[in-house]
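*Asks:* Need coordinates for the below:
(2 chains)
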2 protein chains.
Amino acid sequence: VLSRVFDKFVQEIPAEVPYIFFDSFIPEANYLAYIGQDSFQSGLLSGKLMHLLVPAGSSVAVIKVLPEDYHIEERVSGFLTYFQPEPSIAVHVYEMHGNIENKGCEALLHKIITEQPNLRGIFITNASTHKIAEAVKELNWPPQKRIRLIGYDVIDNNIRLLKQGVIDFLISQQSERQGYEGVTNLYRHVVLNEPVEKKIIMQLDIVTQENIDYYRS
Amino acid sequence: VLSRVFDKFVQEIPAEVPYIFFDSFIPEANYLAYIGQDSFQSGLLSGKLMHLLVPAGSSVAVIKVLPEDYHIEERVSGFLTYFQPEPSIAVHVYEMHGNIENKGCEALLHKIITEQPNLRGIFITNASTHKIAEAVKELNWPPQKRIRLIGYDVIDNNIRLLKQGVIDFLISQQSERQGYEGVTNLYRHVVLNEPVEKKIIMQLDIVTQENIDYYRS
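*Replies:* Predicted coordinates:
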């Protein structure tokens, strides 16, 4: 995870040292390659799916997970852009620190549902999805008030809550393939001295209860 | 594509000749491996997505593409199973021959919309999706009567109509990977004499307007 405080660190990497960004990148940096998603597009995709999940007239919350990070900001921005021409759905952005504890998640959720009585969906912008999902599950609301959840990353805690039907969709980043592409491309550059693609964009995989069992990241 | 008429052919393959089924398989046959989707599960997945696309009270048509084939039947069966506990959506099955021409597609669509005045979605069970999509596009109906389409396979004609917003979702079978797995496993069995997995189940990829550009089958 890169944030603005790391900009300086990246600027101090000597020009002859090749490095690759995963998931996040700093646009003006002198990187060899960026391997990751098109984060803005993944926000658009999440917006489309959320639009299918919630009824007209409802509110949707976006949880921007801190520390501030380029790819999180792009995801938020893509999601908001999707809903711009949809006045029937009100979207509100909240912030949450990535290392928040259970109690803190519950408090944040209570704040959101108090401020947005028509809340029917939450978009969580990184792998912390399960933390909010646990808090939503605790509410134990009836199906007609159900809060739909879209988040990121196929990790055990998220898979469990997806299978339980608490999380509706996970967007996956193909993390294993990213690692493979990273090592391969550094090898190509350093050992073989071959040209390397500047941007290697991963698939945007949509994972649900129905296809999780056959999903290979 | 396998159909019941091929059962006899498969039965006559000598026991010492290894063969692999792709996409379809005959349950009682003596095959080395089956490589493909879990077709029933892909029907369930399509049902879930269709449920998100159409409003309560609408009708949905399933187009069962002929000739009769195990994997097509399983897809239909998964889709119908998804909607069994959903009395608010009426599902009707129609048949269409895979090599139907444009005129025939238009006639079938007109028959469906005449018989189902609340039609809001069509699930097409194979790569012929674009044929029905072209006929739906021709109708040029206003957005509020829009017929949502879910189909199979990332082929050029389907991609074009997905990008135009006529097709909503394509379920993809990872055909390139299937071919790779097929050759690898025959090699393992015949040359290396290594054990081979009886069932190699492919991912169920969900492809939309938003993620098609980064999709690699």
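
*Asks:* residue boundaries of the helices in chain A?
*Replies:* Remark: helices assigned in chain A by DSSP state H are A:7-11, A:39-53, A:70-83, A:102-115, A:129-139, A:156-163, A:175-190.

*Asks:* now those helices in CSV, with distance to residue B:87?
*Replies:* Glycine gets a C-beta too; all of them are placed from N, C-alpha and C. Shown next, in CSV, are these (distance: least, CB to CB, whole Å):
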stretch, distance to residue B:87
helix A:7-11, 57
helix A:39-53, 21
helix A:70-83, 31
helix A:102-115, 30
helix A:129-139, 27
helix A:156-163, 25
helix A:175-190, 41
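
*Asks:* As JSON lines, these with mean neighbour count and mean pLDDT would be great.
*Replies:* What follows is the helices of chain A, written out as JSON lines (neighbours: other CB atoms under 10 Å in any protein chain shown; pLDDT from 0 to 100):
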{"stretch": "helix A:7-11", "mean neighbour count": "12", "mean pLDDT": "71"}
{"stretch": "helix A:39-53", "mean neighbour count": "22", "mean pLDDT": "96"}
{"stretch": "helix A:70-83", "mean neighbour count": "20", "mean pLDDT": "94"}
{"stretch": "helix A:102-115", "mean neighbour count": "15", "mean pLDDT": "95"}
{"stretch": "helix A:129-139", "mean neighbour count": "22", "mean pLDDT": "96"}
{"stretch": "helix A:156-163", "mean neighbour count": "18", "mean pLDDT": "97"}
{"stretch": "helix A:175-190", "mean neighbour count": "15", "mean pLDDT": "74"}
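
*Asks:* Compare the ones you listed and give me the one nearest residue B:66.
*Replies:* Among these, helix A:39-53 comes nearest to residue B:66, with 30.7 Å by CB to CB.

*Asks:* tilt between that closest one and helix B:39-53?
*Replies:* Following axes from the mean of the first three to the mean of the last three CA atoms, to 10 degrees, one obtains 80 degrees for the angle between helix A:39-53 and helix B:39-53.

*Asks:* Next up, the contacts around residue A:47.
*Replies:* Neighbour list for residue A:47: A:78, A:79, A:80, A:81, A:82, A:83, A:123 [criterion: CB atoms under 8 Å, 6 or more residues apart in numbering or on different chains].

*Asks:* One more: residue A:48?
*Replies:* By CB under 8 Å, 6+ apart, the contact list for residue A:48 reads A:82, B:208, B:209, B:210.

*Asks:* try residue A:108
*Replies:* Residue A:108 is in contact with A:63, A:94, A:96, A:100, A:132, A:135, counting by CB under 8 Å, 6+ apart.

*Asks:* before we move on, what about residue A:128?
*Replies:* Residues near residue A:128 by CB under 8 Å, 6+ apart: A:65, A:96, A:98, A:100, A:151.

*Asks:* Just flag the most distant two among the residues you listed.
*Replies:* For the contacts of residue A:128, the farthest-apart pair by CB to CB is A:100 and A:151; their separation is 14.4 Å.

*Asks:* So which of those two has more stuff around it?
*Replies:* Comparing residue A:100 with residue A:151 by other CB atoms under 10 Å in any protein chain shown, the one with more neighbours is residue A:151, at 27 against 17.

*Asks:* where does that one land on pLDDT?
*Replies:* Per-residue pLDDT puts residue A:151 at 97.

*Asks:* Next: residue A:199.
*Replies:* For residue A:199, the predicted pLDDT is 77.

*Asks:* same thing with residue A:3?
*Replies:* The confidence metric pLDDT takes the value 54 at residue A:3.

*Asks:* Now, of the contacts of residue A:48, which are buried?
*Replies:* Buried by 16 or more other CB atoms under 10 Å in any protein chain shown: A:82, B:208, B:209, B:210, out of the contacts of residue A:48.

*Asks:* Closest to residue B:162 out of these?
*Replies:* Set against residue B:162, the nearest of the buried ones among the contacts of residue A:48 by CB to CB is residue B:209 (5.9 Å).

*Asks:* do you know how far the closest one is from chain A?
*Replies:* In this view, residue B:209 and chain A are 8 Å apart by CB to the nearest CB, to the nearest Å.

*Asks:* Surely that residue touches residue B:162?
*Replies:* Yes - judged on CB atoms under 8 Å, residue B:209 makes contact with residue B:162 at a distance of 5.9 Å.

*Asks:* how close does residue A:78 get to chain B?
*Replies:* Computed as CB to the nearest CB, the residue A:78 to chain B distance reads 9 Å.

*Asks:* Find the nearest non-adjacent residue to that residue, please.
*Replies:* Counting by CB to CB, 6 or more residues apart in numbering or on different chains, residue A:78 lies nearest to residue A:43, which is 2.3 Å off, once chain neighbours are set aside.
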